[in-house]
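In: I would like the atomic coordinates for the input below:
(one chain, ligands or ions: 1)
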Amino acid sequence: MSESASRTLRVAHLYPELLNLYGDSGNILCLRKRMEWRGIEPDVREVHVGDRPSFSGVDIAFIGGGSDREQRIVCDYLLEEKDELAAFVEDGGVLAAVCGGYQLLGHSYAMGDQVVEGLGLVDLFTDHGEPRIIGNIAVESRVSPQPIVGYENHAGRTHLGEGVEPLGRVLFGRGNDGASGFEGCLYKNVLGTYVHGPLLPKNPGVADWLIARALERRYGSADLEPLDDREELAANEVMYHRLMAGEVEEL
Ligand SMILES: NC(=O)CC[C@H](N)C(=O)O
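Out: Take a look at the predicted model:
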């Protein structure tokens, strides 16, 4: 057995029954397969409503997007685990959060005109904007060799605090607030983004960034052998080129 075959990464999928818009559960499938293909054992555990999640043995936590209502339910559960989640983040735990999940990371977010307390894990906040931002998106980011492509659908506008790095620069679409030109956030090993689609299958660079950060934290190094990504990269390229060639309408 090679050394890599004995590595395991634990993935916590938070509230898949509530935050699962636009195939966000495909992100977990993608992480699982990219680990398996490299002989890394994925230990995927779903956290459901009513569970008391513990993050002590977790390597990668994932939280997807959803409607305001579902987002609110999840936020209320996670607020109870706020200190443990903050300790996980500060310790370099890998946390990937999409759209509604991304908004929860900040100090507050908006449900219509109502301001709702967030988890305060990252210095950002989200307010409400009109019109709703709906459409395809492409983002240039240091975490991915290819542009990150996908689909965004959010009313919230997210504003990053000083010193919080955006995930990247919007090449097509709207991103965090439709005005700054930025998309998502990076803080320690937290990656927040509005990109659904799901995010990871067409953006293998992002998936590998998450896996690499988790391996570094648990095993001290991240020698990720390359995979045959021809299909993934073809899907990425087709979408990117169609967007940039104007074959798909902008908002
Ligand atoms: N797609 C989502 O996750 C939506 C997030 C949030 N409910 C908003 O509309 O801003």
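
In: could you pull out the strands for the stretch 151-251 of the chain?
Out: Shown for the stretch 151-251 of the chain, the strands assigned by DSSP state E, counting those that start in this stretch span residues 168-172, 182-183, 185-187, 190-193.

In: so which of those strands is nearest Arg52?
Out: strand 190-193 (21.7 Å; CB to CB). Yep, even glycine has a C-beta here, placed from its N, CA and C like the rest.

In: looking at that closest one now, give me its mean pLDDT.
Out: Averaged across strand 190-193, the pLDDT comes to 98.

In: cool, and stretch 57-73?
Out: Taken as a whole, stretch 57-73 has a mean pLDDT of 95.

In: in it, what counts as buried?
Out: 58-66, 68, 70-72 (16 or more other CB atoms under 10 Å).

In: who in this protein is up against the ligand?
Out: Contact residues (CB under 6 Å from any ligand atom) of the chain with the ligand: 21, 65-68, 71, 99-100, 103, 153-156.

In: re earlier: any idea which of the buried residues of stretch 57-73 is the one closest to the ligand?
Out: Gly65 (2.6 Å; CB to the nearest ligand atom).

In: confirm that the closest one sits in a helix.
Out: No. Under DSSP: H, G, I helix; E, B strand; the rest coil, Gly65 sits outside any helix and is assigned coil.

In: okay but it is in contact with Leu104, surely?
Out: No. Here Gly65 does not reach Leu104: they are 9.9 Å apart, not a contact under CB atoms under 8 Å.

In: quickly list what's touching both of the two.
Out: Gln71 (CB atoms under 8 Å, 6 or more residues apart in numbering).

In: so where do the helices sit in this structure?
Out: Along the chain, counting by DSSP state H, helices occupy 25-36, 68-80, 82-90, 100-104, 204-219, 230-244.

In: alright, I will stop here.
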